[in-house]
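Trainee: Whatever this is, show me its structure:
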Amino acid sequence: MKHIQSYISEHKERFLTELIDLLKIPSISADSTYKNDVLKTADTIKISLEKAGCDSVEICTTDGYPIVYSEKIIDKNLPTILVYGHYDVQPPDPIALWDSPPFEPVIKSTEKHPDGAIFARGACDDKGQMYMHVKAMEFMTSTNQLPCNVKFMIEGEEEVGSANLATFVKNNQEKLKNDVILISDTGMIANDVPSITTGLRGLSYVEVEVTGPDRDLHSGLYGGAVANPINILTKMIASLHDENNHITIPGFYDKVEELSKEERAEMAKAPFSLENYKKALNIDSVYGEAGFTTNERNSIRPTLDVNGIWGGYIGEGAKTVIASKAYAKISMRLVPHQDWVDITQLFKSHFESIAPKGTTVKVTPHHGGQGYVTPINSIGYQAASQAYQDTFGKTPIPQRSGGSIPIVALFEQELKSKTILMGFGLDSDAIHSPNEHFGVWNYLKGIETIPLFYKYYTELSK
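Mentor: Next up is the predicted model:
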């Protein structure tokens, strides 16, 4: 696109100042104390979209925090891109671990960001990445280079589960109608190794309770004569994996997608040092399902992990009891095509079936979401790949993420369109943690790359 680099260079300081002002507002959706700040952020986004050239911008009320919606329709015969992002942020706790106040942004250099990074809560997740799209829009409208239609949907409840987004999407399918959805709420491998997230794992989260006797018992008088719920629970959990760390729940793998050799080979191009990985975690060996690499285990394969386990006496000193109950929280990360509701039911049926006589088992589902995959032969992926090729000078690597963004599957279900995940953050940017930051170079590179996605998507759609 004409003059995009010179435009960014000319307006760089303003782009940074605007983002810093946005990051100063503590839009913490999880804490009602900050309600006015969250609402103020929505207003700020509305004004920014108006200045960026959108024709209609509105704040849509929900039962929670509002959704900022805007659009610019230049020709109904042209493709329509829907941009999704969120303006709410995680709580900054623990404050004491921040090197600078979380809502007083500062720019300083790091090893990964020698050109400087903005340190503030929400810098990378997701204010910085969302605002790249607003500034990309400004460039395209102000230079008369917008090649297609665009809609924005920026919500304020992503960090608390997007409770009201599903209702909004279902009730506004015509308003939100699009050809492709564009999101920047993920990352890339490195600044010199661009990548596009092509898959997200789903999630099933349950809590289990094993009950033996109706009260805690003396371990001398009753030990060896009645089922000990803690012993039983640990045996049941251990039985959920075999000697190859394969999950033993019947039917668990029935819908697991086996990736082609070609796609696994593409993924393997990502630079990865097993020694550095072990060193960063202070472990002497990795562990996981036989037959798969570390990067495959944490992205394209399903998992089952115990997230917490408790029962009996855990106070100071000794108390010789057989506990009446034992508990665990268990999460399963799922791959595309595994339905989280079905998997939850499979887990429940299996876990109840392996409980020995003398115990009862209760399985309580907590929450979940579907996995998602974008084909690398889609027009959207090809447009994104070409955009990265232009600005980074190399072809991006398709990368499956181990994390979950349940709303992406919701969008496909309700709006019947694919999502392209163009993230510009790094794993080291400390999202959700103290000292969250976003590289200045990454922020500007996103603004440079996004308009090219619009250009190539429009051309490939013809």
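
Trainee: Helices of the stretch 351-462 of the chain, start to end?
Mentor: Remark: helices assigned in the stretch 351-462 of the chain by DSSP state H, counting those that start in this stretch are 379-392, 406-415, 440-461.

Trainee: Pick out the shakiest of those helices, pLDDT-wise.
Mentor: Lowest mean pLDDT within these: helix 406-415, at a mean of 91.

Trainee: which residues touch that helix?
Mentor: Applying Cβ atoms under 8 Å, 6 or more residues apart in numbering, the external contacts of helix 406-415 come out as 82, 84, 158, 162, 165-166, 169-170, 173, 176-178, 181, 183, 200, 202-203, 368-372, 417-419, 421. C-beta coordinates here come from the backbone N, C-alpha and C atoms, glycine included.

Trainee: starting at the chain centroid, how far to that helix?
Mentor: 14 Å (Cα atoms, centre = their mean, to the nearest Å).

Trainee: Alpha carbons only: can I get it in PDB?
Mentor: Extracted C-alpha coordinates of helix 406-415, given in PDB (Å, rounded to 0.1, in the frame of the first residue of the first chain):
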ATOM      1  CA  PRO A 406     -14.300 -20.000  23.200                       C
ATOM      2  CA  ILE A 407     -15.800 -17.100  21.400                       C
ATOM      3  CA  VAL A 408     -14.100 -18.000  18.200                       C
ATOM      4  CA  ALA A 409     -16.100 -21.200  17.900                       C
ATOM      5  CA  LEU A 410     -19.200 -19.200  18.800                       C
ATOM      6  CA  PHE A 411     -18.600 -16.800  15.900                       C
ATOM      7  CA  GLU A 412     -18.300 -19.600  13.400                       C
ATOM      8  CA  GLN A 413     -21.500 -21.300  14.800                       C
ATOM      9  CA  GLU A 414     -23.600 -18.100  14.800                       C
ATOM     10  CA  LEU A 415     -22.100 -16.000  11.900                       C
END
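
Trainee: Assign the most far-flung residue of the chain relative to its centre to helix, strand or coil.
Mentor: Centroid-distance maximum for the chain: Leu221 at 51.0 Å, with Cα atoms, centre = their mean. Three-state assignment for Leu221 (DSSP: H, G, I helix; E, B strand; the rest coil): helix.

Trainee: From Gln382, how far off is it?
Mentor: As judged by Cβ to Cβ, to the nearest Å, Leu221 and Gln382 stand 71 Å apart.

Trainee: okay, now Asn299: neighbour count?
Mentor: No, residue 299 isn't Asn; it's Ser. 23 (other Cβ atoms under 10 Å).

Trainee: picking that back up, could I get the helices of the stretch 351-462 of the chain as JSON lines with mean neighbour count and distance to Val89?
Mentor: As requested, the helices of the stretch 351-462 of the chain are exported to JSON lines (neighbours: other Cβ atoms under 10 Å; distance: least, Cβ to Cβ, whole Å):
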{"stretch": "helix 379-392", "mean neighbour count": "20", "distance to Val89": "26"}
{"stretch": "helix 406-415", "mean neighbour count": "19", "distance to Val89": "17"}
{"stretch": "helix 440-461", "mean neighbour count": "21", "distance to Val89": "16"}
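
Trainee: how about a markdown table for these, with distance to Leu334 added?
Mentor: Formatted as a markdown table, the helices of the stretch 351-462 of the chain follow (distance: least, Cβ to Cβ, whole Å):
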| stretch | distance to Leu334 |
| --- | --- |
| helix 379-392 | 22 |
| helix 406-415 | 11 |
| helix 440-461 | 29 |
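
Trainee: Can you check which of these gets nearest to Asp93?
Mentor: The minimum distance between Asp93 and those falls on helix 406-415, with 24.1 Å, by Cβ to Cβ.

Trainee: Mind checking what secondary structure Trp153 has?
Mentor: One thing to correct before we go on: residue 153 is Met, not Trp. Here Met153 is strand, with the state taken from three-state DSSP.

Trainee: Got the confidence number for it?
Mentor: At Met153, the predicted lDDT confidence score is 98.

Trainee: who does it bridge with?
Mentor: In this entry, Met153 is beta-bridged to Tyr69, Tyr84, by DSSP bridges.

Trainee: for Thr80, same thing?
Mentor: Applying DSSP bridges, one finds that Thr80 bridges with Asn149.

Trainee: Let me know whether it touches Lys151 as I believe.
Mentor: Yes - with contact defined as Cβ atoms under 8 Å, Thr80 reaches Lys151; the gap is 6.4 Å.

Trainee: Could I get the contacting residues of Leu165?
Mentor: 62, 67, 155, 157-158, 407, 410.

Trainee: Pick out whichever of the residues you listed sits closest to Ile196.
Mentor: Of all the contacts of Leu165, Ile196 sits closest to Ile407, with 18.3 Å by Cβ to Cβ.

Trainee: Thought Gly199 was touching Ile300, still the case?
Mentor: Yes - look at Ile300 against Gly199 with Cβ under 8 Å: they come within range, at 6.9 Å.

Trainee: joint contacts of those two?
Mentor: Residues within reach of Ile300 and of Gly199 at once, by Cβ under 8 Å, 6+ apart, are 335, 400.
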